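>>> Here is my input; please provide its structure:
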Amino acid sequence: MFCFNKYVFYYQCFIYEQGKFQKLLQLKDTSCSNLPTYMNQEGLEIEDPQSADYLVGKGNKVQYHMGNVYLRERVKEHLQDYVVCPHGDKKKVYKNIYDTFPGRFLCQNSETKTWYEIEENEALGKIAQKLRDGKKKVSFGFSLILV
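Modelled structure (predicted):
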């Protein structure tokens, strides 16, 4: 959410329930005063990511975050499906991973050190890249049996 003149903004509150984030309520705000300049699409900066969230970035803090570890495991589970499916069906594999992922995909604002949620297309791109990277690491061995 960004603050521009003549726009009405909505704050959306979510609750994590039954493996998904459910919309709890929506608040209308027309003032635009005292809003942070860099917000996620729901209009809220995120101070502390939850353990189910995937963090975009580099370093040990990000790599070993529980949500990132969980996503890597989900990618490993779906890697065989991704490798053997036709090119046109590959999007279904990473869309399935995205739809069943319990958390949000967050990126950190380098200036304020707060987190914001990235758009679905960006998140799908991250998952697709992980699948492509995993595909490169898979080695297919063939055994030749001489009779």
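>>> separation between the closest residue to Ala52 other than its chain neighbours and Ile127?
Nearest residue to Ala52 in three dimensions, chain neighbours excluded: Gly103, at 3.3 Å (Cβ to Cβ, 6 or more residues apart in numbering). C-beta coordinates here come from the backbone N, C-alpha and C atoms, glycine included. Applying Cβ to Cβ, to the nearest Å, the value for Gly103 to Ile127 is 13 Å.
>>> Give the burial count for the residue nearest to Glu120 when sequence neighbours are not counted, as a bare number.
For Glu120, ignoring the flanking residues on the chain, the nearest one in space by Cβ to Cβ, 6+ apart is Tyr98 at 7.1 Å. Using other Cβ atoms under 10 Å, Tyr98 has 18 neighbouring residues.
>>> State the helix or strand in which Tyr98 lies.
helix 90-100 (DSSP states H and E).
>>> Alpha carbons of that helix, as CSV, please.
Presented in CSV, the C-alpha positions along helix 90-100 are these (Å, rounded to 0.1, in the frame of the first residue of the first chain):
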residue,chain,number,x,y,z
LYS,A,90,5.4,-27.0,-14.6
LYS,A,91,3.5,-23.9,-13.4
LYS,A,92,0.9,-26.2,-11.8
VAL,A,93,3.7,-27.8,-9.6
TYR,A,94,5.0,-24.5,-8.2
LYS,A,95,1.5,-23.0,-7.9
ASN,A,96,0.5,-26.1,-5.8
ILE,A,97,3.5,-25.5,-3.5
TYR,A,98,2.5,-21.8,-3.2
ASP,A,99,-1.1,-22.6,-2.5
THR,A,100,-0.3,-25.1,0.2
